[in-house]
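> How does the following fold in three dimensions:
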Amino acid sequence: MKFFPVVSTTAFLTILLFSPESTFSADSCKAQEKLIYHQTMTPTWLEAHASYIDSSHTTTTEQLTFNAGSVDRAALLKVPMIPAGVLHYTAPLTVKIVVSHDVSIGTTQDSDVSYGVSDGRSVFGIVTRNKDDYGGSPPCHGFESNSGTSLSEHEGWINYSLPRVSDSFYPGQFVITLKLDERWGSCYTAHDGGFVKTTAFTKRLMPNKGLTLELYKHGANERAGIKSIEVTILQDA
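Numbers count the residues shown, from 1 in each chain. Here you go, the predicted model:
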């Protein structure tokens, strides 16, 4: 696996973090967050910039589709976001991830996709579940594990039985928030007028080692259809 930085992202980070023009005034800095990364990841953008994409995938301008493979809990893709050495290890960071899925796959097939942030060693985030799982699980919940080509056998699903939702439709869009320094996360879907699931993680990430977006699936035979991923990283005031 070859890991490479995105040149445009690195330049963007340099401007935001080190340019005098990017600093806030004394009156406003305490009340504002600092944007340090933002990217809308389309299928063609992911093909060009991901450091790793599982070989089971096919790509069109509308969708990145992962088909059945031979490895359980396999890594689907990895996207380097912030290089090592840019952030302090105690930086107060909030990561916001909005993902859009193929509704037909999530409605009719096994499609449990885990979205996590990694420092190269540990990874934690949110699992998005397919429609058939809603009878025994919420539509999304937390996970944590070691980063790698696949998640460990005991992948660290967190509180994955409750609460359940009354609505049974597959939403297609999931909104994920991760507060890295507080080891806290949440996910939002449109079920029941607005469903929110929160979770606490035991692992701690080290932002000074760099941050990577990582996606995994659950079973080897599962499929996933990803239309877009929007990632925003804020440094809290």
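> Could you use CA atoms for every contact and neighbour count after this?
Will do.
> Could you pull out the buried residues of the helix or strand where T44 lies?
Assigned by DSSP states H and E, T44 belongs to helix 43-49. With burial defined by 16 or more other Cα atoms under 10 Å, the residues of helix 43-49 counted as buried are 43, 46-47, 49.
> Next SSE downstream of it?
With secondary structure assigned by DSSP H and E, helix 43-49 is succeeded by strand 52-53.
> which strand is the longest one in this structure?
Looking across the chain with DSSP state E, the single longest strand is strand 224-235.
> CA atoms of that one as CSV?
Extracted C-alpha coordinates of strand 224-235, given in CSV (Å, rounded to 0.1, in the frame of the first residue of the first chain):
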residue,chain,number,x,y,z
ALA,A,224,-21.5,-0.9,-0.9
GLY,A,225,-22.5,1.9,-3.2
ILE,A,226,-20.9,5.3,-2.3
LYS,A,227,-22.1,8.4,-4.2
SER,A,228,-20.1,11.0,-2.2
ILE,A,229,-18.3,11.7,1.0
GLU,A,230,-17.9,15.2,2.4
VAL,A,231,-15.4,15.6,5.2
THR,A,232,-14.8,18.7,7.3
ILE,A,233,-12.2,19.0,10.1
LEU,A,234,-12.4,21.9,12.5
GLN,A,235,-10.1,22.9,15.3
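> tell me which element the residue nearest to the spatial centre of the chain is part of?
By Cα atoms, centre = their mean, the chain has its centre lying nearest to Y115, at 3.4 Å. Assessed by DSSP H and E, Y115 sits inside strand 113-118.
> Quick one: list the elements packing against that strand.
On a contact count with 3 or more Cα pairs under 8 Å, 6 or more residues apart in numbering; DSSP states H and E, strand 113-118 meets strand 122-128, strand 211-217.
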